[in-house]
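[1] Below: sequence and its predicted model.
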Amino acid sequence: MPHPIMFAEDDPVLARVRAIALAFPEAIEKVAHGRPTFRCGKVFAMYGGGTKKTEHRPHEQRNTSVLFIADPAERAALEQDERFYLPAYMASAGWLGLDLTIGDVDWDEVGELVDASYRAIAPKRALALLDAQGGGPSD
């Protein structure tokens, strides 16, 4: 049985995330587990997700969020910000989620986070194309 779709195609926040993610060389979108994922061979971003269940916090859905592979040098600092959360199933692999419903969204920041995530998984040829363009979509 296929997973139910967990997003609205006309969501304006998804449109912004989609524009950022699909601006990277060779990036594609594929729905997986009911959510939009953005890939360049491997997944580098996902729209929406759930929080990791802990002893002190139950699992909750954060459908208006972007999941990304956090830069290890920035991860601890990001985790201190209330907008960021540990996504279910993916946190142990270095992923974080950014809740886009808390405060004003800094779309340049979203672009930078997605850029770092893309760079973590993209093949050399895609990175060469990105560098030939002068950097990421947020530059």
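    Yep, it's here. Residues are numbered from 1 along each chain as shown.
[2] If you count contacts, what does the lengthiest helix in the chain end up packed against?
    Secondary structure of the chain per DSSP state H: the longest helix is helix 107-121. Under the contact criterion of 3 or more CB pairs under 8 Å, 6 or more residues apart in numbering; DSSP states H and E, helix 107-121 touches helix 12-22, strand 35-40, strand 42-50, strand 61-69, helix 124-132. (C-beta placed from N, C-alpha, C; glycine too.)
[3] Tell me the confidence at D139?
    At D139, the predicted lDDT confidence score is 48.
[4] so C40 bridges to which residues?
    Judged by DSSP bridges, the bridge partners of C40 are K42.
[5] Let me know whether it touches E26 as I believe.
    Yes: shown here, C40 and E26 form a contact pair, counting by CB atoms under 8 Å, at 5.0 Å.
[6] the more surrounded of these two?
    Comparing C40 with E26 by other CB atoms under 10 Å, the one with more neighbours is C40, at 22 against 14.
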